[in-house]
Each structure stands twice: as structure tokens, then as C-alpha cells.
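> got a predicted model here, sequence first, then my questions.
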Amino acid sequence: TSPPYNAEYKQPMMQISPETQLFIREHQTDDVRALALQARKYPNVDMPTAITQIAGRQVAAEKIPSWRDTDDIWYPKHLSLEQCSSEVTASYKATLLKGNSLTDLTGGFGIDCAFLAAKFKSAIYVERQQELCEIAAHNFPILNLNHINVKNEDGVSYLQAMSPVDCIFLDPARRNEHGGKTVAISDCEPDVAELEELLLNKAEQVMVKLSPMLDLSLALKELQHVQEVHIISANNECKELLLILGQASVEEISIHCVNLPTKGTQEEQHFVFTREQEQCSECNYTNALENYLYEPNASLLKAGAFRSIASAFPVKKLHPNSHLYTSDVLVESFPGRAFHIISQCSLNKKELKESLGDLKKANITVRNFPATVAELRKRIKLSEGGDTYLFASTLNNGQKVLIRCEKA
């Protein structure tokens, strides 16, 4: 059996002195900018390292709560933490893969690797940056993940030479350095489309994590062996697009729209459809609002499951391009937000006055409407917030409406 990590990481180059470790523990909730200005007061403390670790702990408290109370975990510089998965999405991914052997070709900070590897007998973490390898080699044993072998290598070079495993995971970097949206797989590095055959020669199953900005239709054209798509939102914010590739071809690709709760009170929402079902689904459109209004969750909107939803639940769609739905009786299982409709009006001044009364603030959403939220806010003079929700949209007969609601 291989050692828990490569021999060169037995004595990591990165060291944190006892004085610095104590300082980190005592100041873990402090403002790091204020601490940076006080460096002279603590000559025995490695302040740059302390600040990186304190800032890391503060991000992790939100992002990876189960690691929060483990004092000995090391954190990387800010960028690696910004880009890494949260615990809630990493845990979900860990439910999708299983087997004896796993290789993560783009290790990064190692959150995905840590959660995925818990389901495997052996795992290999591959990462180009030496500092991240040192951090991973330090952290995995602390997390009782002694079966992960750390390799400081380029992922593609490693892939070409590696022995086959059950599963491969990779999270390609977005290549656009200018902050632009990466919409194609070919804009990512490594280019999964180019490596697809090689990946499937080396593993039965391959999971690719992509940015939610990516164009899903384009990805499904670029790749030949996609079996499942998982679009993951957390708290109704789209976080990740996962593609699962396999050696066997499937007739229809199942698309899983998942909204994960980050607070204990909510329930996970899960809706599965195929693109063929979407095209064939019956969908009722309406010229009139009923008692309740529904807004699909972010994963459904990203997936384009607009007709499938109207077919799966007893709701009517407002308009082919208005992705809002209505019903007489509350559909509690609808995968999105549900609202009770209080009133509706046009943008006529008199109607606005009757519908909104002396309302001072509201949460405004625009769906298929010829004005932006900012323009609308200025026109009806409402500040942001409160318990009232306004949806500006269009009904099937072309009528423009402002719908006043409260959460159902």
C-alpha cells in the first residue's frame, strides 16, 4: 500500500511556529485588516501567515462548517478559498460517485477531494501548485483521510501516465483572466472535450465540475459521453454544473435540478427531466392570475425546464417567455418559491395607487417585462426590502402586469 502522502511531504516546507499558532487561536474572530496594522506589537508572530490562516478560518466557518472546530487545519491564500466548493455542494457530489479508487486531477484546496474520498478505499490528489499540495498533505491526516496520496504534478501529464481507476474528478480552471464569462468547455483548462476519450480510458466514471455560467447546450454538443447533468444551487443561488461521463452511452441524458438548503429549516428540492421530455411536455398558458404565484428555483431556470414543470405540477404558465406560474390551490411541493397573490395592476398611476397604497419598500423581480428593476423602482418610488414581493411580468394575452404578493 502507498503511504498516506508522498515522501517529500513528510516534513512540509510550510511551518507555523507555536507562537503564531497561539496567536491564530486567540484572534480567530478578529478583523484581519486591523490585525495587519498591529504587526509591530507581535514581533514573534509570523503576521502574514497568521492573517492568511485567520481569514481562512473565517471563510471556512461559513463555507465548511464541519472543519471550523479543527484547530490544526491549514488554509490557503484567499483566491483558492474563494474558488473552492462549499461543504453543502461537496457533500452532494459525494453521493454521486462510488467505487474503490478515485483520482482528483485538479486538487486545489482539497474540499471536493476530502468529501469524495470518504466514499473510496484509496484516492489520489493531484495538484500543480506545491503550496496547495503541502497544505493538503498536512490536512488530510488531521481529517482522518490517511488513504489519500498527494501528488505535486500537472493533472494532464498525470492522467496520461496513470493506471486506470474507478472514478476521476476534475474541476477545470476558467481560462478567461479578464473576468469575462466562460461559456464553452474549450475556454476551460484543461479542455475536457479534448481529453474525453483519454479520461474514459482511465476511469469507468468521470465527474466534471463546471461554472454555472457555462452554456449547458453547448457543453452537451461538445461532449459525447455525458450520462447525467446535475445543476446545483445552494439557497437558490446557482453554484455548479456537474457533468457525469460514462463509458456506456445513454439514450436520454437525465438533468437533475437541485436546490440545497444551507439552513436547517428548508428542504432539498430535486427535479429531474430530459431535454426530450421538455420538448414534448404539455403546458397550459393563462391570461389570468389565480391565487398563488410560483418562481422556479435557480437550477430549474438554468436548465430551462419550463414546460416540464408545468406538466409535472398542477400550475399554469403566465406566458411562453414569462417563467412564472400560477394556481388556485397552493402546490407545496413546487421546486421554487411560492407566493400568495394580494393584488395585480398595470402601470397606470391610479391602478398603482390602489394596488400599492402607502407601501414604502418591496422586493422587485422582473420576468419578461419591458423595464429593468432599477427603472421600475424609480417609477414607483419604492426602496428595497420588506415582506412584500412585486413581480413585473407579461400574461399570455400580452398584458403587462405588476403582481403584489407575500410569501406563501
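Received the coordinates, thanks.
> check contacts around the closest residue in space to Cys188 that isn't next to it in sequence.
The spatially closest residue to Cys188, leaving aside those adjacent along the chain, is Pro172, at 3.7 Å (Cβ to Cβ, 6 or more residues apart in numbering). (C-beta placed from N, C-alpha, C; glycine too.) By Cβ atoms under 8 Å, 6 or more residues apart in numbering, the residues touching Pro172 are 106, 185, 188-192, 208, 210.
> any weak-confidence spans in this structure?
1-13, 79-81, 175-182, 264-265 (pLDDT under 70).
> surely Gln224 touches Val192?
No - taking contacts as Cβ atoms under 8 Å, Gln224 lies outside contact range of Val192: 11.1 Å.
> between the two, point out the one with more neighbours.
Ranked by neighbour count (other Cβ atoms under 10 Å), Gln224 and Val192 place Val192 first, with 21 against 12.
> distance of the more buried one relative to Gly155?
11 Å (Cβ to Cβ, to the nearest Å).
> identify the contacts common to these two.
With Cβ under 8 Å, 6+ apart as the test, Val192 and Gly155 both reach Leu170.
> dump the host helix or strand of Arg379 to CSV, restricted to CA.
In the assignment (DSSP states H and E), Arg379 maps to helix 373-380. Taking Å, rounded to 0.1, in the frame of the first residue of the first chain, the C-alpha atoms of helix 373-380 are listed here in CSV:
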residue,chain,number,x,y,z
VAL,A,373,-35.8,46.6,-11.7
ALA,A,374,-34.0,49.9,-11.3
GLU,A,375,-36.3,51.7,-13.8
LEU,A,376,-39.4,50.2,-12.1
ARG,A,377,-38.1,51.1,-8.6
LYS,A,378,-37.6,54.7,-9.7
ARG,A,379,-41.0,54.9,-11.3
ILE,A,380,-43.0,53.6,-8.3
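> what's in contact with it?
347, 352, 356, 364-366, 369, 371, 383-384, 390, 392, 402.
> coming back round to it: check the contacts of Pro172 and tell me the two furthest apart.
Thr106 and Ile185 (14.2 Å; Cβ to Cβ).
> and the spatially most central residue of the chain, helix, strand or coil?
Central residue of the chain (Cα atoms, centre = their mean): Lys239, 1.7 Å from the mean position. Reduced to three states with DSSP: H, G, I helix; E, B strand; the rest coil, the structure at Lys239 is strand.
> just the element for the nearest residue to Ala184 once chain neighbours are set aside, please.
Spatial nearest neighbour of Ala184, chain neighbours left out: Leu218 (5.6 Å); criterion: Cβ to Cβ, 6+ apart. Under the criterion of DSSP H and E, Leu218 resides in helix 216-222.
> go through that helix and flag the buried ones.
216, 219, 222 (16 or more other Cβ atoms under 10 Å).
> what lines up beside the helix or strand just after that helix in the sheet?
Next in sequence after helix 216-222, counting helices and strands by DSSP H and E, comes strand 226-234. Note on strand 226-234: by DSSP bridges, its sheet partners are strand 237-246 (antiparallel), strand 254-260 (parallel).
> can you list contacts of the last one?
Which is strand 254-260. Contact with strand 254-260 is made by 88-89, 92, 227-236, 268-275, 297-300, 302-303, 305, 335-336, as judged by Cβ under 8 Å, 6+ apart.
> what packs against the helix or strand just after that strand?
Downstream of strand 254-260, the first helix or strand assigned by DSSP H and E is strand 269-273. Applying 3 or more Cβ pairs under 8 Å, 6 or more residues apart in numbering; DSSP states H and E, one finds that strand 269-273 contacts strand 254-260, helix 298-303, helix 306-312.
> got JSON lines for those, with mean neighbour count and distance to Arg377 too?
As requested, these are exported to JSON lines (neighbours: other Cβ atoms under 10 Å; distance: least, Cβ to Cβ, whole Å):
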{"stretch": "strand 254-260", "mean neighbour count": "23", "distance to Arg377": "27"}
{"stretch": "helix 298-303", "mean neighbour count": "24", "distance to Arg377": "22"}
{"stretch": "helix 306-312", "mean neighbour count": "20", "distance to Arg377": "27"}
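> buried ones only from the contacts of Pro172, please, as a ChimeraX command.
Buried subset of the contacts of Pro172, written as a ChimeraX selection, criterion 16+ other Cβ under 10 Å:
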select :106,185,188,190,191,192,208,210
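> helix, strand or coil for the residue of the chain positioned farthest from its centre?
Most distant residue from the mean C-alpha position of the chain: Lys350, 43.3 Å away (Cα atoms, centre = their mean). Of the three states, Lys350 takes helix under three-state DSSP.
> which residues of the stretch 101-250 of the chain fall in helices?
Along the stretch 101-250 of the chain, the segments classed as helices by DSSP state H, counting those that start in this stretch run 111-117, 130-142, 155-161, 192-202, 216-222.
> what's the third one in contact with?
It refers to helix 155-161. By Cβ under 8 Å, 6+ apart, helix 155-161 touches 103, 105-106, 126-128, 151, 168, 170, 190, 195, 198-199, 202.
> related to what we said a few turns ago, please report how far the residue nearest to Cys188 lies from Thr52.
Taken as Cβ to Cβ, the span from Pro172 to Thr52 is 26 Å.
> the top helix by length along the chain to helix 130-142, inter-axis angle?
Counting residues, the longest helix found in the chain (DSSP state H) is helix 47-63. On the basis of axes from the mean of the first three to the mean of the last three Cα atoms, to 10 degrees, helix 47-63 is oriented at 60 degrees to helix 130-142.
> show me what helix 47-63 is packed against.
Partner elements for helix 47-63 (3+ Cβ pairs under 8 Å, 6+ apart): helix 18-26, helix 32-36, helix 78-83.
> could you redo the last one with a cut-off of 6 Å?
helix 18-26, helix 32-36 (3 or more Cβ pairs under 6 Å, 6 or more residues apart in numbering; DSSP states H and E).
> flag every buried residue along the shortest one.
Going by neighbour count (16+ other Cβ under 10 Å), the buried part of helix 32-36 is 32, 35.
> export that helix as PDB, just CAs?
What follows is helix 32-36 as a C-alpha-only set of coordinates in PDB (Å, rounded to 0.1, in the frame of the first residue of the first chain):
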ATOM      1  CA  VAL A  32      -7.700  40.800   9.800                       C
ATOM      2  CA  ARG A  33      -7.200  44.400   8.400                       C
ATOM      3  CA  ALA A  34      -6.900  45.700  11.900                       C
ATOM      4  CA  LEU A  35      -4.500  42.900  12.900                       C
ATOM      5  CA  ALA A  36      -2.300  43.700   9.900                       C
END
